[in-house]
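# no sequence for this one, just the structure:
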């Protein structure tokens, strides 16, 4: 037998909110929704009101119903209704409501909700407002002496799941809540900063196993946190030059996304401390070395790209100039940090030399390795390679002259012997 329309509406609203139970207004009992049964994974056999496993809680005895089984459960013959298709047809026809074939109730379409202009907070089936302004709490009846009510345990339907499907159409939300296209200049800058953070995380992973790089690892942890603050600042536009229907951030949002300019000065202090221990360079440093050093060079180049994406935001006034200064100083810091890490690890620092007129490329090296006992021995001079004279257009005359001298020497030697 069908349930009353008010019970069906209570069940529908509870399922749309992701709740596993609701309170029966007539009895005060806690009733499991269809979602609660599905999360359990199987039928309990107690003929529950909203059982999704083809059984319904009916009042008929098993013996009077030919469709019942030995346990007294009656098979439910309810056809599934495609509410999305019904709603789509009603909207295409310009209707503000349609009739639910199961309950006979009139259901408002998204067109009717949009004409009202705001969310009513009732958890309607086709509500077009992603964030309702008000959500009405369900009225709970008082406990009765003869009625026992279990405590409602509310579990989020999306617990442990990070996807929301809200960005499937290529839009996502800023810190202010405004949704905008993912290929905009703001999200290009956010993506570059995020990529830089991931590269610094890779460098951090290489530093964990080496106790000599403890200082480098701690500096990276601080910078990774600072870059998250940079992303928060970029995601809170200061004006609407690059956005349509600009949503102005609140004072609290501006305060939380502000960036401390003293962090740029902190990077400069760290660089001065490292440069005091490094030798001067007179040529370009090649981006080579150990995993830590090479990864720092990669992070430096990604930082330069992120800086280029931040420049249009600063020019438009969407982001503050102190963000650009920090990104510029950070790329310099990563370069100095790569040289400092090479010194700590004892790597060789290769620098650029011109190879236009040199047959064998020899690179200048800053060897940071400590001298060992074997280093005190005099180095052996390499042997000169044996040159082999081959026939080429350039040395043709030289070879002919050698052959002529050889033939003459043979004849002279032959006559002298005779």
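Here it is on my side, so go on. In this text, all values refer to a predicted model and were calculated from it rather than measured experimentally.
# and the strands in the stretch 251-400 of the chain, which stretches?
348-351, 364-367 (DSSP state E, counting those that start in this stretch).
# hey, least reliable of these by pLDDT?
Among these, strand 364-367 carries the lowest mean pLDDT, a mean of 56.
# so which residues of the stretch 1-150 of the chain form strands?
So, for the stretch 1-150 of the chain - with DSSP E, counting those that start in this stretch - the strands run 21-23, 30-32, 55-56, 74-75, 97-99, 106-108.
# other SSEs contacting the second one?
Counting contacts by 3 or more CB pairs under 8 Å, 6 or more residues apart in numbering; DSSP states H and E, the secondary-structure elements packed against strand 30-32 are strand 21-23. C-beta coordinates here come from the backbone N, C-alpha and C atoms, glycine included.
# point out where the protein drops to low pLDDT.
Residue ranges of the chain with pLDDT under 70: 1-2, 45-47, 54-80, 103-105, 120-123, 130-161, 355-396, 414-418.
# do a quick rundown of the helices in the stretch 151-300 of the chain.
Using DSSP state H, counting those that start in this stretch, the helices found in the stretch 151-300 of the chain span residues 185-208, 214-234, 251-256, 262-275, 291-316.
# give me the phi and psi angles of residue 245.
Main-chain torsions, residue 245, degrees, to the nearest 10: phi 50, psi 50.
# ok, now which ones touch the closest residue to it other than its chain neighbours?
In space, and not counting its chain neighbours, residue 245 is closest to residue 178: 7.4 Å by CB to CB, 6 or more residues apart in numbering. Residue 178 makes contacts with 243, 245-247, as judged by CB atoms under 8 Å, 6 or more residues apart in numbering.
# hmm, residue 258 is touching residue 236, no?
No. The criterion here is CB atoms under 8 Å, and residue 258 misses it with residue 236 at 9.0 Å.
# looking at those two, which is more packed in?
More crowded of residue 258 and residue 236, by other CB atoms under 10 Å: residue 236, with 20 against 14.
# thought the more buried one was touching residue 174?
Yes. Contact criterion CB under 8 Å: residue 236 and residue 174 qualify, at 7.0 Å.
# so which of the contacts of residue 178 is surrounded by the most neighbours?
residue 243 (19 neighbours).
# next up, the contacts around it.
178, 180, 184, 186, 237.
# what bridges to the second one?
Translated: residue 180. residue 172 (DSSP bridges).
# ok, residue 188 touching residue 309?
Yes. Contact status for residue 188 versus residue 309: in contact at 5.0 Å, counting by CB under 8 Å.
# what touches both of these two?
Counting by CB under 8 Å, 6+ apart, residue 188 and residue 309 have no common neighbour.
# count of residues packed around the residue lying closest to residue 239 once chain neighbours are set aside?
In this structure, residue 239 finds its nearest non-sequential neighbour in residue 317, 5.0 Å apart by CB to CB, 6+ apart. Residue 317 has 14 neighbours, counted by other CB under 10 Å.
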